[in-house]
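Asker: Got a sequence here, can you build the structure:
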Amino acid sequence: METSDDTEVLVVGGGATGVGVARDLAMRGVDVTLTERGGLSAGTTGRSHGVLHSGARYAEADRAGAEECIAENETLREIAGVCVADTGGYFVSLSDDDEAYFERKLAAAREVGIDAEEVSVEAAREAVPGLTDDVTRAMRVPDGVVYPSRLVAATAADAREHGAEIRTHAPVEEIHTADGRVTGATVDGDRVDADAVVNATGAWAGECAALAGVDVAMRPTKGAMVGVDYEGLGPVLNRCRDPADGDIAVPHRGRAVLGTTSVVVDDPDEYDEESWEVERVVDECAEMVPAFADAEIRSTYWGVRPLYEPDETHRGAGSRSADDAATGDERGISREFALLDHDPDGVAGFYSIVGGKLTTHRVMAEATADRVCERLGVDADCRTADAPLVGADDAERVDGFVDEFDARSPADADVVGGEPGDGE
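Answerer: Numbers count the residues shown, from 1 in each chain. Down below sits the predicted model:
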């Protein structure tokens, strides 16, 4: 039998952006309920490569996006504690790579305030002992690692500390509208009345919006990640070339996560996990560290990027297959986010937040909360950049939140639940 609950704001989606919105609104005194159809971080967030981007990856192509990344990189280091690791990062050029590209990236990174420094090849080999002899130039940048399960669970726990309700395994079945505005939703059989609804479902934003009679065109792309046994990678390692398959390796406890591919899919729930993607990722990453080629594969997983189709069409990114998947079209610049207000679509109070990346989830949440608070008449500033997440310095406590919210995910399964301090 359907029961009725009231909340000011219903947030749909339990990835990093969704829990970030819930935390931000709750800290401003808004009554907020978050609902997720599975466990938290079950979607794209928990299936990412988990890089805390410095912005250097995007600096020469998207200045604004790079500035956003470095600002949020520094913020997360301050507030997220054991949810991130300060590994540092390197970009390396090999003999076949374009030297002019290296120069452009270095200059652009410095221009936007990223602490990027060219270092000797010998210094890079000291930081990454297994580097190929084919390295010609190297750049040090302040990249890091995010443990997505921890980040999402700690953010959700912090939102709850400020009064938010967090509901897992509670799918949204209907979104209710009347007189040109949203009125709530049916969540796992219960009616939830709300003054505003935020669609933070990422790659599933189109499906969620359709429940409200709204069209949000997404272009999801799948990417393969490969976890291999490898001790001592140290920093995040990036290939200094136009973004392409197999150009990043991320250090974890006793292994490296290699990524990734980019192939357009029709359905973020149904796609093939193809062996050619795994082989390509390993082969390409082995050009940077030859030992990756013979390392034992411990895990493979795929994530689906929440790309907003109008942005991708504007960029000229095309459909890609196994034959053309190395061109890097969908990854060439920063994944800017879009906040869609559906008032012009006849559903006032309904918002979709799409695009973006894990590193910038907090500022995406801030922009969303600003808009929602404006509608609700709430006069309160964002405080999420200044307050540490609850339990942020206690790995055992945060991993307890991961279990409580069923937030375990493949992106950091080798770290979460280990001995306190593992992976830090």
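Asker: where in the stretch 301-424 of the chain is pLDDT low?
Answerer: Residues of the stretch 301-424 of the chain meeting the criterion pLDDT under 70: 311-335, 418-424.
Asker: where along it do the strands fall?
Answerer: 337-341, 350-355 (DSSP state E, counting those that start in this stretch).
Asker: got TSV for those, with distance to residue 160 too?
Answerer: Bear in mind the C-beta positions are built from the backbone N, C-alpha and C, glycine included. Supplementary listing: those in TSV, determined by distance: least, Cβ to Cβ, whole Å:
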stretch	distance to residue 160
strand 337-341	24
strand 350-355	21
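Asker: So for residue 5, which of those strands sits nearest?
Answerer: Taking Cβ to Cβ as the measure, these were each checked against residue 5, and strand 350-355 came out nearest at 18.2 Å.
Asker: what's the distance between the closest one and the middle of its chain?
Answerer: Mean C-alpha position of strand 350-355 versus that of the full chain (Cα atoms, centre = their mean, to the nearest Å) differs by 15 Å.
Asker: Let me know the angle separating it from strand 337-341.
Answerer: Comparing the axes of strand 350-355 and strand 337-341 via axes from the mean of the first three to the mean of the last three Cα atoms, to 10 degrees yields an angle of 170 degrees.
Asker: list the helices and strands strand 350-355 packs on?
Answerer: strand 190-199, helix 205-210, strand 337-341, helix 361-376 (3 or more Cβ pairs under 8 Å, 6 or more residues apart in numbering; DSSP states H and E).
Asker: looking at this, residue 246 is in a strand?
Answerer: No - under the criterion used here (DSSP: H, G, I helix; E, B strand; the rest coil), residue 246 is coil, not part of a strand.
Asker: pLDDT-wise, which helix or strand of the protein ranks last?
Answerer: Taking mean pLDDT, DSSP states H and E as the measure, the helices and strands of the chain show their lowest mean at helix 309-315, namely a mean of 62.
Asker: Return the set of buried residues in stretch 271-291.
Answerer: Residues of stretch 271-291 classed as buried by neighbour count (16 or more other Cβ atoms under 10 Å): 271, 274, 277-278, 280-282, 284-289.
Asker: Can you tell me the closest non-neighbouring residue to residue 403?
Answerer: Residue nearest to residue 403 in three dimensions, not counting chain neighbours: residue 417, with 7.9 Å by Cβ to Cβ, 6 or more residues apart in numbering.
Asker: re earlier: check the buried residues of stretch 271-291 and tell me the two furthest apart.
Answerer: The most distant members of the buried residues of stretch 271-291, if one measures by Cβ to Cβ, are 271 and 289, lying 28.4 Å apart.
Asker: measure residue 161 to residue 308 for me?
Answerer: Residue 161 sits at a distance of 32 Å from residue 308 (criterion: Cβ to Cβ, to the nearest Å).
Asker: Looking at these two, which is more packed in?
Answerer: Here residue 161 and residue 308 are set side by side on neighbour count (other Cβ atoms under 10 Å), and the busier one is residue 308, at 23 against 14.
Asker: Show me how this protein divides into domains.
Answerer: Per automatic domain parsing, the domain ranges recorded for the chain read 4-45+148-218+337-412, 87-144+219-331.
Asker: okay, the ones you listed in a markdown table with distance to residue 80 next?
Answerer: Output for those, formatted as a markdown table (distance: least, Cβ to Cβ, whole Å):
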| stretch | distance to residue 80 |
| --- | --- |
| domain 4-45+148-218+337-412 | 6 |
| domain 87-144+219-331 | 10 |
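Asker: which one of these lies closest to residue 68?
Answerer: Closest of those to residue 68 is domain 4-45+148-218+337-412, at 5.5 Å (criterion: Cβ to Cβ).
Asker: Contacts only, for the spatially most central residue of the chain.
Answerer: The central residue of the chain, meaning the one whose C-alpha is nearest the mean C-alpha position (Cα atoms, centre = their mean), is residue 358 at 2.4 Å. Contact analysis of residue 358 by Cβ atoms under 8 Å, 6 or more residues apart in numbering lists 16, 45, 48, 50-51, 146, 148, 151.
Asker: Return the subset of the residues you listed lying in helices.
Answerer: The helices, defined by DSSP state H, take in 16, 148, 151 from the contacts of residue 358.
Asker: just these now: which is nearest residue 223?
Answerer: For the ones in helices among the contacts of residue 358, the closest approach to residue 223 (Cβ to Cβ) belongs to residue 148, at 14.2 Å.
Asker: Looks like that closest one contacts residue 415 (just checking).
Answerer: No - applying Cβ atoms under 8 Å as the test, residue 148 and residue 415 come out as separate, 10.3 Å apart.
Asker: Who has more neighbours out of these two?
Answerer: Set side by side, residue 148 and residue 415 give different neighbour counts by other Cβ under 10 Å, the larger being at residue 148 (30 against 23).
Asker: which residues are contacting the helix or strand where residue 101 lies?
Answerer: Applying DSSP states H and E as the criterion places residue 101 in helix 99-111. Helix 99-111 is touched from outside by 54-56, 59-60, 63, 66, 91, 93, 116, 118, 136-137, 139, 141, 240-242, with contacts defined as Cβ under 8 Å, 6+ apart.
Asker: And the helices in the stretch 251-400 of the chain?
Answerer: In order along the chain, the stretch 251-400 of the chain carries the following helices (DSSP state H, counting those that start in this stretch): 275-286, 309-315, 361-376, 395-404.
Asker: Quick check: buried residues in the third one?
Answerer: Buried residues in helix 361-376, counting neighbours by 16+ other Cβ under 10 Å, are found at 361-369, 371-373, 375-376.
Asker: swap in the last one?
Answerer: With burial defined by 16+ other Cβ under 10 Å, the residues of helix 395-404 counted as buried are 395, 398-399, 401-402, 404.
Asker: distance between that helix and the chain's centre?
Answerer: How far helix 395-404 lies from its chain's middle: 20 Å, per Cα atoms, centre = their mean.
Asker: can you pull the alpha-carbon coordinates of that helix into CSV?
Answerer: Provided in CSV are the C-alpha atoms of helix 395-404 (Å, rounded to 0.1, in the frame of the first residue of the first chain):
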residue,chain,number,x,y,z
ALA,A,395,39.6,4.9,7.2
GLU,A,396,37.9,2.3,9.4
ARG,A,397,34.9,4.6,10.1
VAL,A,398,34.5,5.6,6.4
ASP,A,399,34.7,2.0,5.3
GLY,A,400,31.9,1.3,7.8
PHE,A,401,29.8,3.9,5.9
VAL,A,402,30.7,2.1,2.7
ASP,A,403,29.2,-1.1,4.1
GLU,A,404,26.2,0.7,5.6
